[in-house]
Every structure is written in structure tokens, then in C-alpha cells.
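Peer 1: Got a predicted structure plus its sequence, pasted below:
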Amino acid sequence: MRVLVIEDDAQLASYLAKAFGEIGASVDRAENGRDGLFLAAGNRYDAMVIDRMLPELDGLAIIRTLRASGNPTPVLVLSALGEVDHRVEGLRAGGDDYLVKPFAFSELHARIEALLRRATPGDAPVTSLSVADLELDLLKREVYRAGQPIALQPREFKLLEYLMRHAGQVVTRTMLLEHVWDYHFDPQTNVIDVHISRLRAKIDKDFEPPLLQTVRGAGYMLRAD
Amino acid sequence: MSRPARLMSSRAKARRAWRWLRVTLKRRWLSAALGPTLNRWQHTSRFTLTSSTFRLALLYMLLVGVSVAILLGFIYWSTAGYMARQTDATIGAEIEGLAEQYRRRGLAGLSTLIAERIARDPQGASIYLLTQPNGTPIIGNLDSWPPVAPDVDGWVQFRTQHATPGKARVEHQTRAQVFRLRGDLRLLVGRDVRELVALRNLVLDAIGWGLAITVGLALLGGWLMGAGIARRLDVINQVSREIMRGDLSRRVPSAGTGDDFDQLAENLNRMLERIEALMLSIRQVSDNIAHDLRTPLSRLRHRLELLRGSALNAEASAEVEVAIADADELLSAFNALLRIARIEAGSRRAAFADLDPLPLLHDVAELYEPLATESRQAIEVAWADGGARSNDGSNDGDACRLHADRDLLFQALANLVDNAIKHTPDGGHIRLRADCSDEAVELSVSDDGPGIPPELREKVLQRFFRIDASRAAPGHGLGLSLVQAVAQLHGASLSLEDAAPGLRVRLRLPKQRPGSEMRERGWD
């Protein structure tokens, strides 16, 4: 995986380079908007992490330029500005996701993974999802584990669907709030954990092996092994 | 009719006019002009009978009225008085002429002179009468001796039907002096003062009306002047009240004339700016601390994360995990603080959209339901919108539509429900409710927990304030501050009430835009 990081905070940039290096990705770095745009336009990357406020050229301007020239590389916008309308602006400019500083690398990583998955071309319309012996029928809206039907509430179904679509990837609590509940907000308590443990009781309790796993310090992952 | 009666009648006229003025002032003017004022006083308490406006109007009227009365009195004295004195002087001169003749040529000469003078004066401006002691006229243009007793100086004033050749008999007013000559002959010499009296009446009338008009104008002027001052004071009072209600950004408008009121407004505004700057700097200090500490803190967290990834023994990595959790807690407090600061500073409404709040309530309830179930608490959602909504909750009417920021509103409701779950004992009930009307949408979250004592209800909205009993519970004491910031951004009012038992937090969101609402409040 090849990632471009355009970030003027040298400390944060080197931290990102190191963290990406640890998960086996190669990182190119640019410290201002102009160099960043130059790199982005001249090379092929799997994903880009672009800070919103950059010297010389604004992050959103870079994204607009890339999109205007037909570059489809997934872009995650980093910003110190967390308000919802800033998020809306960032997404409108062509960003694929938006992350507010400060963030945990696990969050950034999970989101980049999700972006890469989304960018994979050639997906036929999916009618059913399966992980190990867990099956989810999107048309009939039914769930089976080892052939046995499992009754789920509509929100639990949506939660499981999201986890299954990102099977094998870490999914953070914020990502779940944003995509399953469709709200950008900061829960004071870990409300998501309770929903997960409910879901876990339904799909994992009477079966082996457990599929829904907690990734410490990051989030959750649905995994077969 | 006698002389005093006639004079009395002109005085009576003036008195009648004055009485009319008084009665009218009392009835018509007071009810017409003060009526609305008094009515308004009931609403705003700005025009009382003891208010400066009313007193100023009265004082103004009194000052102008007295001044004008003195002035008019002087004019009366110097015009009407002067003419009366002139008449007396003319009569005196006539008498002197007659006396001279009488001394020189006796009674015959006197009679001849009188006859001559009567002949020379066909208008009958001069009046003469010479009679025998028994009252039989010898000569003169008066039919008979007037039935009026003279005063000590021999002056009489009387009315007479004076015959002018070729004309109808006209009633005349005469002022004359009477003498006794030798042999008990009586002589009367006088002037027709009809015109003088008419003139005096005219002047009196003019003075009466002038005074009445002056008093009316003075009252009106005083009232206008007072009302103008009161209006400007009222604006200052209005702004002060709004500032006391918490809107420190309000300023006293100035009329731009640079007068005393503008100076007052300017000083008040400068004072307000100073206060606002001081408050802002206090707030900014805490926000700056949060902002400046956030960067090193997130670096610390990054380093800890890298450390976790490297080869550590189990004990060390558990410690790192705890350290990361601590850093996260700090970061979330700082983030909440900055978020509040941003929302409070925000005139940002880019994310505002029309929305139905009921799905929001259901989503909040659904999100927190598992958490509540863990404490055997129940969450209910209810609404009332005057029948616009059918039983399944779908919205047919516009009663429940709001112009709001969906995510922030959700955040506020989530904070309230989160608090309710934390502070309500096991088995409690939490109710989310929407009451929609044409003016506002009222969202409330109530519980049947211990509630908040009335004296602490203001304080819990302050940043970092926590009731001692809840210090053990997780959280950083910013939840309600955030709710308040969201309420302010939406122009909503936030109130904490006793739900008997428990606490009810009520968020009242006006339907009109807060900006226009404020403008209207300024001109009620």
C-alpha cells in the first residue's frame, strides 16, 4: 500500500509515516500544499491523507484540483476544525472521509482500510454477506448462524451488515456511530459497546468460534479465524 | 343694565372659558392623551403618574403657562389701561374748557359752548348734560340724569339708549364726571366708551384663549419632550434587561446627535465592551489552555500508541493501555471544552436544515435503550402536536418542523439522556417528549431520579461544575454546558425543572429565526 501524507505539522507527519510503516505501507510526505499537489498528480497512490489547512495551497483546493483532473484516489481529510459544516465542506470538495485532530492512529487506519475497500472496483451488487458460518441475506433481511435463523432488531441488522461489509477490518466506535446511526456526535459513554455486546449475545453466544471481536484501544472486528 | 354687571359679564366670559378649559383638560385631553399612556404603563411600567415624562410635562406646562399669563397681564394693563386713562384725560380736558367758559361768561356761556360742541360732534362721542336742581335738563345730548350714584371722585359709568339722528337707537356705554355748579345746577361731562369696552373685551377674550392655547401647547410640548426622553431611556432600559438576561453582545443604539443621551449610550457601550472583553478573556484563557495542551497531549498519545505496538512485556503494555485511556479522557474533556467554545462563538449555521425532531428523539432513545436496560431503566418517547401527527409517528403537518443543526441537537439530547441514565437509580423511568405548537417546539428529557435542588440548577450549567454526589460518576462536568451552548446557537431557552420527582430539562426552540425574534423583542 502506498500512501501520500500532506501535513505541515512535522511531528504528526513523522508519526504517521512511522505508524503506516509498521503496518507495511510506504509513505510519501509533503509539507506544503504545492509540493503535495505535485506529488499527488505525478504518482499513483492507494490513499491520501491531506491536512485541511496547509501553507501555500489549501487542502480542499488540492482535492478539488485532483478531482477536476479525474483522479479518483480515496482522500481522507485531516482537520483541527471539527464542526459539522466543516466536515460537510470537506466532503463536498471531494474528500471521502473526514477526521478531526487529535485522532488515534487506529481510527485513521480503520478509516483508510474502509476507503480502500470501498474503492475496489468491479463489485457486483451484493445480495448476501457471509463470514464463516454467519450469513446475512440483504434481500430477505434474515440472518443465519450455522443454518439457524437469528432474530435481530432493525438497528442490530444494520450494525451487523456494516461489520460484515468490513469483515477482517477494524471498525471504530465513531465509524459505527457515523454509518449505522448516521450521527456525528461525541457520546459521553460507550453506548456502542452495549449494542455490540447485545449483538454478540445473539450471534456468538451459542456458537463457536466467536466472530465479533473487540480490538483493544481501537474498536471491533468481525473475523472468521 | 348697570356698569358693573357689564364688566362682570366680560370677566364671567373669561371665567367660563377657563372652566371649559379645565373641564376639557380633565376629561378629553387626559383621557385622549394620557389614556394610551396609562394603558401602556400597565404593560411596560414606563409612564407612571410619577414618571419623569409626566412630571416634566406638568412642570413645562406650569412654567410656560405662568410666564405667558404674566406677559399677557402686562399687555392687558398697558393697552386697555392706557386707553381708559386716555378717555379720562380727554374728559378732564373737556371739563377744563367748560370750566373756563363758565368762569368767564357764566351759565349762558356754558350753555352756548355745550350746544356748540354737541353740534360739532354728530357721532355723539362726547356726552353733556346740564340740569336744574330738580333734574330738568337745560341743555345736553342725554335725555335724563343717569340713575347711578357717583363715586367719591364724581365718576359714573352707565348705559344709555342714545339717539343719533337718522339712525336706529343704539345702546351706548358712557363714562362721565358729574359736578354741582352754583345754584345747585348739575353738570355731567362724559365720553362714549362703547368702543373702549368692546376693545377691552376683545383683549380679554384674546388673553383667555391665548392662555388656554398656551397651556394646551405647553402640555403637548412637555409630553412630547418627555416622551422623547422616555423613549430613549426606555431603549437603554430594554438593552440593559436583555444584557441581564445574558445577551452581552447587545449595545445601546445612539441617535447620532452627540447629545447627553448619546454620551450616556457611548459610556454604557464602552463599559459593556470592557465587561465583555474581561469575560471573554477569562473564557479564552480556559479555551487556550485546552487548545495549547491538546497538541502535546495528542503527541503523547501517539507515542504511547507506537509504544504499544512495539515489543513490550505484558505488564508494561497493560500500563501503556491505561496511560492511553487516561490521555483519551483528558483529550475528550479538552475536545468538549473546545467544542462548546466553538459552538458559543459560532454564528455558524451552515449545517442548519429543516428537520422533524421526533425521529431524533426515537434515535436517541434507541441508542441509549440497551444502556438503560442494563440499569433496568425504561426510556419512553411521547409527543403532542395538536393532532397533526398520526399514531405511527409520521408527520403530516408542519407543526413539528424545526430549523436546526441535526447533529448538535442529537448531541444535546444524547447528553441529557446520558445524564438521566447516570443519575437515575435502577428501575427508573426516562421520558423524552416533544410538544409542538405554532410558535415553538419544546423538547424535554425527564427522569424520576433525585433531581437537582433549585439553588444548584443555574450552577450545573457552568463548565466543570458537578454536584458533589455525582463526582464518583464518570464524566467531566461539561455535558450540560454543551447542551446550553447548543440551545444558545438555536436561540432556544434551556430550563431545568422539578419533575416531582426527578429532573426535567426543557429545551424550547422558537420556530422563527432567533435573529428576527431578537429584533422584535427590541421594539415591543
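Peer 2: Structure's in. What do you need?

Peer 1: Helix or strand with the lowest mean pLDDT in chain A?
Peer 2: Every helix and strand of chain A was ranked by mean pLDDT, DSSP states H and E. The lowest is helix A:84-92, at a mean of 73.

Peer 1: So what touches it?
Peer 2: Contacts of helix A:84-92 with the rest of the structure, by CB atoms under 8 Å, 6 or more residues apart in numbering or on different chains, involve A:52, A:60, A:77, A:79, A:97-98, A:184, B:348, B:350-351, B:405, B:407-408. For glycine as for every other residue, the C-beta is placed from the backbone atoms N, C-alpha and C.

Peer 1: Apply 10 Å and report the result again.
Peer 2: A:50, A:52, A:59-60, A:63-64, A:75-81, A:83, A:95-100, A:178, A:184-185, B:342, B:346, B:348-352, B:405-408, B:411 (CB atoms under 10 Å, 6 or more residues apart in numbering or on different chains).

Peer 1: where's residue B:268 relative to chain A, distance?
Peer 2: For residue B:268, the distance to chain A equals 34 Å [CB to the nearest CB, to the nearest Å].

Peer 1: which residues of chain A score low on pLDDT?
Peer 2: Within chain A, the segments meeting pLDDT under 70 span A:81-85, A:119-124.

Peer 1: top helix in it by residue count?
Peer 2: Counting residues, the longest helix in chain A under DSSP state H turns out to be helix A:105-119.

Peer 1: strand partners of the helix or strand following that one, parallel vs antiparallel please.
Peer 2: Going down the chain from helix A:105-119, the next helix or strand is strand A:128-131, by DSSP states H and E. With DSSP bridges as the test, strand A:128-131 is paired with strand A:134-137 (antiparallel).

Peer 1: Would you mind listing the buried residues in the partner strand?
Peer 2: Residues of strand A:134-137 classed as buried by neighbour count (16 or more other CB atoms under 10 Å in any protein chain shown): A:134-136.

Peer 1: what residues are up against whichever residue of chain B sits closest to chain A?
Peer 2: Closest residue of chain B to chain A, CB to the nearest CB: residue B:298 (3.0 Å). Counting by CB under 10 Å, 6+ apart, residue B:298 makes contact with A:11-12, A:15, A:101-104, B:327, B:330-331, B:334.

Peer 1: what helix or strand is it on?
Peer 2: helix B:260-309.

Peer 1: where's residue A:213 relative to chain B, distance?
Peer 2: Separation of residue A:213 from chain B (CB to the nearest CB): 16 Å.

Peer 1: And the strands in the chain?
Peer 2: Going with chain A. Secondary structure of chain A (DSSP state E): strands at A:2-6, A:26-30, A:47-51, A:75-79, A:97-100, A:128-131, A:134-137, A:142-145, A:148-150, A:171-172, A:212-215, A:219-222.

Peer 1: try again with chain B
Peer 2: Ranges of strands in chain B, per DSSP E, are B:126-131, B:137-140, B:155-162, B:170-180, B:186-192, B:352-355, B:378-384, B:402-405, B:429-436, B:440-447, B:493-498, B:503-510.

Peer 1: Can you tell me the strand partners of the longest one and which way each runs?
Peer 2: Here strand B:170-180 is paired, per DSSP bridges, with strand B:155-162 (antiparallel), strand B:186-192 (antiparallel).

Peer 1: could you give the angle of it to strand B:126-131?
Peer 2: Here strand B:170-180 runs at an angle of 50 degrees relative to strand B:126-131 (axes from the mean of the first three to the mean of the last three CA atoms, to 10 degrees).

Peer 1: Relative to the whole chain's centre, how far out is strand B:170-180?
Peer 2: Distance of strand B:170-180 from the chain centroid (CA atoms, centre = their mean, to the nearest Å) equals 62 Å.

Peer 1: Any chance of JSON lines for the buried residues of strand A:134-137, columns distance to residue B:252?
Peer 2: Putting these into JSON lines (distance: CB to CB, whole Å) gives the following:
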{"residue": "A:134", "distance to residue B:252": "69"}
{"residue": "A:135", "distance to residue B:252": "71"}
{"residue": "A:136", "distance to residue B:252": "65"}
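
Peer 1: Could you count how many residues lie near the one residue in chain A that gets nearest to chain B?
Peer 2: Chain A approaches chain B most closely through residue A:102 (3.0 Å), counting by CB to the nearest CB. Residue A:102 has 21 neighbours, counted by other CB atoms under 10 Å in any protein chain shown.

Peer 1: got a list of what residue B:402 touches?
Peer 2: Remark: with contacts taken as CB under 10 Å, 6+ apart, residue B:402 is in contact with B:352-357, B:360, B:409, B:434, B:436, B:440-441, B:443, B:490, B:492, B:509-511.

Peer 1: circling back: in helices, which of the contacts of residue B:298 fall?
Peer 2: Reading helices off those with DSSP H, I get A:11-12, A:15, B:327, B:330-331, B:334.

Peer 1: Can you check those and name whichever has the most neighbours?
Peer 2: residue B:334 (22 neighbours).

Peer 1: wouldn't that one be in contact with residue B:296 here?
Peer 2: No: with contact defined as CB atoms under 10 Å, residue B:334 does not count as touching residue B:296 (11.1 Å).

Peer 1: thinking again about what came up before, narrow the contacts of residue B:402 to just the buried residues.
Peer 2: The neighbour-count test (16+ other CB under 10 Å) applied to the contacts of residue B:402 identifies B:352, B:355-357, B:360, B:409, B:434, B:436, B:440-441, B:443, B:490, B:492, B:509-511 as buried.

Peer 1: now, which of the residues you listed lie close to chain A?
Peer 2: Restricting the buried ones among the contacts of residue B:402 to those near chain A by CB under 10 Å from any CB of the partner chain leaves B:352, B:360, B:409.

Peer 1: Minimum pLDDT in those residues, which residue is that?
Peer 2: Lowest pLDDT of those: residue B:352, 78.

Peer 1: could you check the distance from that one over to residue B:362?
Peer 2: From residue B:352 across to residue B:362, the span is 21 Å (CB to CB, to the nearest Å).

Peer 1: And for residue B:87?
Peer 2: For residue B:87, the distance to residue B:362 equals 103 Å [CB to CB].

Peer 1: Settle it for me: which of these two has more neighbours?
Peer 2: residue B:87 (17 against 14).

Peer 1: and that one, what does it touch?
Peer 2: When contacts are counted by CB under 10 Å, 6+ apart, residue B:87 is found next to B:175, B:190-193, B:195-196.

Peer 1: Filter those residues down to the buried ones, ChimeraX style.
Peer 2: Buried residues within the contacts of residue B:87, by 16+ other CB under 10 Å, are selected in ChimeraX with:
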select /B:175,190,191,192,193,196
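
Peer 1: Could you chop the chain up by domain?
Peer 2: The chain I'm using is chain A. Domain assignment for chain A, taken from automatic domain parsing, gives A:2-119, A:128-222.

Peer 1: let's do chain B instead
Peer 2: Domain assignment of chain B by automatic domain parsing yields the ranges B:3-201, B:260-329, B:347-522.

Peer 1: Give me whichever of those is most buried.
Peer 2: Most buried of those, by mean neighbour count (mean count of other CB atoms under 10 Å in any protein chain shown): domain B:347-522, with a mean of 18.

Peer 1: Phi and psi next, for residue A:147.
Peer 2: Main-chain torsions, residue A:147, degrees, to the nearest 10: phi 80, psi -10.

Peer 1: what sits against it?
Peer 2: Neighbours of residue A:147 in contact, by CB under 10 Å, 6+ apart: A:133, A:135.

Peer 1: Residue B:251 too?
Peer 2: Residue B:251 touches B:239, B:243, B:265-266, B:268-269, B:272-273, B:276, counting by CB under 10 Å, 6+ apart.

Peer 1: and with 7 Å instead?
Peer 2: The contact partners of residue B:251, by CB atoms under 7 Å, 6 or more residues apart in numbering or on different chains, come to B:269, B:272.

Peer 1: repeat for residue B:494
Peer 2: With CB under 7 Å, 6+ apart, residue B:494 has these contacts: B:483-484, B:487, B:507.
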